[in-house]
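Undergrad: Fold the following for me, if possible:
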Amino acid sequence: MLSYLHAFHAGNFADVHKHAALVLAIRMMQTKASAIACFDTHAGSASYDLMGEKALKTGDAASGIHKVWSYRTQLHGDDWQVMLDEFARGEGSNGYLASYPGSPRWLYRYLRKQDSLTAFELHPAEGETLDRWSADHAPVRVVKDDGLKGLLRHLPPKQPRLLVLTDPSYEVKSDYEEVAQTLKRAWQKCRHGVYLIWYPILAGRPDEKLKQAIRSGPVRKVLCSEIARRQLPERGMSGSGMLVVNPPWGFDDRLAGMMEAMADDQCLAITPTMDWLVPE
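TA: Residues are numbered from 1 along each chain as shown. Take a look at the predicted model:
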């Protein structure tokens, strides 16, 4: 399905959760000098216009990044400061955030000369936008292909370490099983890789299919971070989840601290939880 455009939902509360985990993971991995091969399986655009027609139609950023930005003086510590510094690049003249960075831009921000980034995008319009951005951001490689199949073709990478972000729209119900199967096959090719998988929490909890498939498979050391909205929407996501395979040591405590910092009713009004889906 190629109808989904993330521009309608950019900067929502789930984006903040997902990108906090992504940035924390790559920063912690880079405490070691060895090269990292980064893969973004559903890259979307590098940047999103929060003042554009698509974003304003849903208003998702209003209960997401705009809340966080208004609360920024209460978000302390280096893990939050690096996020806030990047958000500030999108600040408009009125003090509001006019743009929001997508996952390729977050990853590019931390690429070192020894690292690489391969961004997959199947949607034609999103792929063209990503292509134009990457032309000025070498050495990002854009592949207009199915990211799950493409990832498996690129593993194992030539670099000694691996970081993968997978965040499909899950508009197709089979995505849950396909993501679980791709993780299994990727892990068998590269067991030391750090894999981040985002999923929405919806009515009926279809994400349980994904989690159960991973529980019953061979992959070990899978951390589960979830945030639940205290005020449930009439429709759409009631929460956001992140699975992290092989998280760096101490990652769980640091990410938990970041989520707790946003939990206040004046910020995202969320209830965060953290647990091991699969132990080591």
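
Undergrad: Quick one: the helices in the protein, in order.
TA: Counting by DSSP state H, the chain has helices at residues 13-29, 53-58, 65-70, 78-88, 103-109, 124-134, 147-153, 175-189, 207-215, 251-261.

Undergrad: First-to-last residue distance for stretch 24-37?
TA: 16 Å (CA to CA, to the nearest Å).

Undergrad: rewinding a little: what about the helices of the chain, which gets the closest to residue 277?
TA: helix 207-215 (6.0 Å; CB to CB). For the C-beta atoms, the positions are set from N, CA and C on the backbone; glycine is no exception.

Undergrad: which of the residues in the closest one are buried?
TA: Buried residues in helix 207-215, counted by 16 or more other CB atoms under 10 Å: 207, 209-211, 213-214.

Undergrad: Nearest residue to residue 114 in space, please, no chain neighbours.
TA: residue 35 (3.8 Å; CB to CB, 6 or more residues apart in numbering).

Undergrad: close enough to count as contact, the one you found and residue 163?
TA: No. With contacts defined as CB atoms under 8 Å, residue 35 does not count as touching residue 163, sitting 10.9 Å away.

Undergrad: In terms of packing, which of the two has more residues around it?
TA: Per other CB atoms under 10 Å, whichever of residue 35 and residue 163 has more neighbours is residue 163, with 25 against 15.

Undergrad: Quick one: residues contacting residue 147.
TA: Each residue near residue 147 by CB atoms under 8 Å, 6 or more residues apart in numbering is listed here: 39-43, 120-122, 166, 168.

Undergrad: so what's residue 23 up against?
TA: Contact partners of residue 23, counting by CB under 8 Å, 6+ apart, are 82-83, 106, 110.
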